[in-house]
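# Following is a predicted model, sequence given first.
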Amino acid sequence: MKVLHVITGLGAGGAEQQLRLLVRHLPGPHDVVTLTNPGQVAEGLRGDGVRVAHLGMAGNRDARAVPRLARLIRGGRYDVVHTHLYRACLYGRIAARMAGVRAVVATEHSLGDAQIEGRPLTRGVRALYLAGEKLGRTTIAVSPAVADRLRLWGVAPHRVAVVPNGVDVPRFAFDPAARAATRLALGLPPGAFVVGGVGRLVAGKRFDVLVAALRDLPDDVRLLLVGTGPEEEALRRAARESGVLDRVVFAGERPHTAPGPAGATVDLPALMSAMDVLAAPSVDEAFGLAVVEAQASGLPVLYVTCPAVDDLPAGTRARAVRVPCDAASFVREIRREIRAAHSSREESGGPRTPSEAALHYSIARSAALHEDVYATAMGAPTSGMST
């Protein structure tokens with residue numbers, strides 16, 4: 001089975017990192033086309049031996065990209081075309097049909113209650129989405145919450161498959177040496193209590209709540225924000241006005257696997273080893289990948305909304321606490337985590353182990369479910385593995 005993945009861009013976002021991880025664990029040849037921005041993840045994919053093509057799409061309305069993509073699909077003789085993210089799902093489905101490929105699968109990574117990839121859910125956005133959806137065979141929802149939203153939009157239930165994101169749990173294993181080295185590289189004091197936030201720096205992630213909370217936390221608490229986005233300057237300004245800018249580290253985009261020689265780039269697993277708690281104040285999530293990655297690192301998590309935690313089977317343990325989305329609530333819970341760390345001496349970098357929640361979302365399980373979706377799209381027998 002030969003598969004082509006079409007994605008809007010290949011920066012270091014959650015969907016992009018998930019695509020790289022998935023391709024590593026799927027059998028058969030997998031190629032990737034990015035419409036725009038062949039960034040960090042494109043480099044990583046090429047390093048993994050995956051062929052990556054850049055379509056050079058000039059903007060959202062660059063319709064010339066569609067026939068170019070159709071020619072690429074036709075020339076590659078792909079059995080399945082798998083699209084990721086809003087723009088790629090729209091143009092990729094059209095191009096696949098033009099190329100004569102009917103086994104077209106799309107993954108809905110980022111559909112929230114009020115936005116999709118930061119876009120407000122206007123009537124026009126929804127109409128375009130539904131028009132494109134009809135050109136594919138199956139839409140993969142990364143959580144039951146996303147599946148419910150798709151059905152409310154009018155997508156037929158039999159055309160939706162729930163396949164949760166996967167995590168490479170061993171890759172995120174806590175590493176005391178990486179903790180010390182990362183803190184040194186970022187200027188974080190060895191004994192500081194580090195609150196982490198991971199995600200695009202956009203308004204919907206509500207990292208402003210963490211900046212506001214920092215003002216009412218002890219002076220040895222630091223905030224480590226991993227990601228980039230349009231809200232970075234506003235967050236810096238808020239930290240400056242609150243007098244805590246010297247306690248905030250903006251780490252920028254970070255890959256899941258550092259390229260080049262060991263230590264050349266501080267990657268996300270090393271950053272999570274450097275943290276003492278992950279705070280996720282977003283009020284609108286499709287899955288909550290950073291939360292699960294933190295669980296793989298053995299981190300306690302404070303979250304506002306996380307379908308990945310809410311959808312865990314009964315009895316599956318997670319070190320995660322739901323918190324109202326306001327600074328005072330995060331201050332209260334972070335102080336509680338500081339006390340717990342002091343009592344168990346975790347602040348010294350003691351051993352942490354993955355939670356059951358992380359083990360439930362293994363990438364091996366996610367890859368097997370993807371294989372079943374591909375087989376169904378092609379009309380072939382499946383393994384019958386349940387989601």
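Perfect, I can see it now.
# Enumerate the helices of the stretch 251-387 of the chain by residue range, in sequence order.
268-274, 289-296, 307-310, 327-344, 356-360, 363-378 (DSSP state H, counting those that start in this stretch).
# Out of those helices, which is closest to residue 140?
helix 363-378 (6.1 Å; Cβ to Cβ). Heads up, the C-betas are built off the backbone N, CA and C, glycines and all.
# Can you name every helix or strand that that closest one contacts?
Applying 3 or more Cβ pairs under 8 Å, 6 or more residues apart in numbering; DSSP states H and E, we find helix 363-378 packed against helix 14-25, strand 80-84, strand 104-108, strand 138-141, strand 160-162.
# From the rest of the structure, what touches the helix or strand following the second one?
It refers to strand 80-84. Using DSSP states H and E, the helix or strand that follows strand 80-84 towards the C-terminus is helix 86-98. Helix 86-98 has contacts (Cβ atoms under 8 Å, 6 or more residues apart in numbering) with 6-8, 35, 57, 60, 65-67, 69-70, 73, 81, 83, 104, 106, 108, 110, 116-117, 119, 125, 128-129, 132-133, 135-136.
# Return the subset of those residues lying in helices.
Of these, the ones assigned to helices by DSSP state H are 65, 66, 67, 69, 70, 73, 125, 128, 129, 132, 133.
# Quick check: the first one touching residue 59?
Right, the one you point to is residue 65. No: counting by Cβ atoms under 8 Å, residue 65 sits too far from residue 59 to count as a contact (9.5 Å).
# more crowded one of those two?
Neighbours were counted for residue 65 and for residue 59 using other Cβ atoms under 10 Å; residue 65 has more, 21 against 8.
# Return the residues in contact with that one.
Applying Cβ under 8 Å, 6+ apart, one finds that residue 65 lies in contact with 35, 55, 56, 57, 58, 91.
# I'd like to know how many residues surround the last one.
For residue 91, the tally of surrounding residues (other Cβ under 10 Å) stands at 25.
# Distance of it relative to residue 63?
Going from residue 91 to residue 63 by Cβ to Cβ, to the nearest Å gives 8 Å.
# Please apply the same query to residue 109.
Counting by Cβ to Cβ, the gap from residue 109 to residue 63 is 24 Å.
# For this protein, which element, helix or strand, carries the lowest mean pLDDT?
The least trusted helix or strand in the chain, going by mean pLDDT, DSSP states H and E, turns out to be strand 119-120, with a mean of 80.
# who does that strand pair up with?
Next to strand 119-120 in the sheet, as set by DSSP bridges, lie strand 115-116 (antiparallel).
# which residues sit against the partner strand?
For strand 115-116, contacts defined as Cβ under 8 Å, 6+ apart pick out 86, 110, 121, 125, 129, 204, 284.
# please redo it, this time with the cut-off set to 10 Å
For strand 115-116, contacts defined as Cβ atoms under 10 Å, 6 or more residues apart in numbering pick out 85-86, 108-110, 121-122, 125-126, 129, 149, 202-204, 284, 286.
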